[in-house]
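Colleague: Following is a predicted model, sequence given first.
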Amino acid sequence: MQRFRSFPLFLWLFLLFLSAQAAHGADATSFDSTKVAVKAQGSGGVPVGTIIAWPVATNPEDMSNWLECNGQSISRSVYPELFALVGGSVPDLKGLFLRGHGGNSAALGTAQNDAIRNIQGVIVGLQDGGADGVFYVNRSFNPGFGHYSGGWTNIAQSKFDASRVVPTAEENRPKNMAVRYLIRVRP
């Protein structure tokens, strides 16, 4: 009878040991990828209509199961499942960024035009007035005097330059990396 009194303690310690082992295995810092067999499984199990970002110019080995998202027409008889999902052409995603649905996004599957946040600045006064933000006074401009409702004054040229406030380019864009978007066409 004496030996069974320590059994609950032994059981508790054993369960504690098991839970510590499970926690250790779930800890990302203790994961050893060299001890786990990881193999890319082609594209089996990937649903028709799945869009992936493909990072290189070389096609995947199973490219016959994918089409590039370039707006090309598709046949109902050749790609019946995909046709049922997207209609007569694959999405044209050339030059577009994919965005998670919700928040300020457009409706699911709808392209949204570009936009920027408002850029503001202030011009104060006509003669050597101050300016801030995207505005600045061009000190080299001197056309003479001008008239306003209160009398005559020196005219200063005010300029607008968004690059004084934000990075600029020939387009509006977030930081990015080019990829090819492919869409799954066969189960």
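Modeller: Yes, it's here.
Colleague: tally of neighbours for the residue lying closest to G109 once chain neighbours are set aside?
Modeller: Among residues not flanking G109 along the chain, P91 sits closest, at 7.7 Å (Cβ to Cβ, 6 or more residues apart in numbering). Yep, even glycine has a C-beta here, placed from its N, CA and C like the rest. Using other Cβ atoms under 10 Å, P91 has 18 neighbouring residues.
Colleague: P91 and A131, how far apart?
Modeller: 45 Å (Cβ to Cβ, to the nearest Å).
Colleague: V86 too?
Modeller: Going from V86 to A131 by Cβ to Cβ gives 51 Å.
Colleague: what do you get for V46?
Modeller: In this view, V46 and A131 are 56 Å apart by Cβ to Cβ.
Colleague: now S89
Modeller: For S89, the distance to A131 (Cβ to Cβ) stands at 50 Å.
Colleague: for A84, phi and psi?
Modeller: phi -60, psi -30 (degrees, to the nearest 10).
Colleague: Just to be sure, Q112 is in a strand?
Modeller: No: read with DSSP: H, G, I helix; E, B strand; the rest coil, Q112 is coil and lies in no strand.
Colleague: Now do the contacts for it.
Modeller: R99, S105, A106 (Cβ atoms under 8 Å, 6 or more residues apart in numbering).
Colleague: Near I116, how many other residues are there?
Modeller: 8.
Colleague: cool, V185 as well?
Modeller: Using other Cβ under 10 Å, V185 has 21 neighbouring residues.
Colleague: For it, give its distance to E170.
Modeller: V185 sits at a distance of 35 Å from E170 (criterion: Cβ to Cβ).
Colleague: Excluding chain neighbours, what is closest to I52?
Modeller: Nearest one to I52, counting by Cβ to Cβ, 6+ apart, is L182 at 5.3 Å.
Colleague: brain fart, S105
Modeller: Closest to S105 by Cβ to Cβ, 6+ apart is R99, at 5.1 Å.
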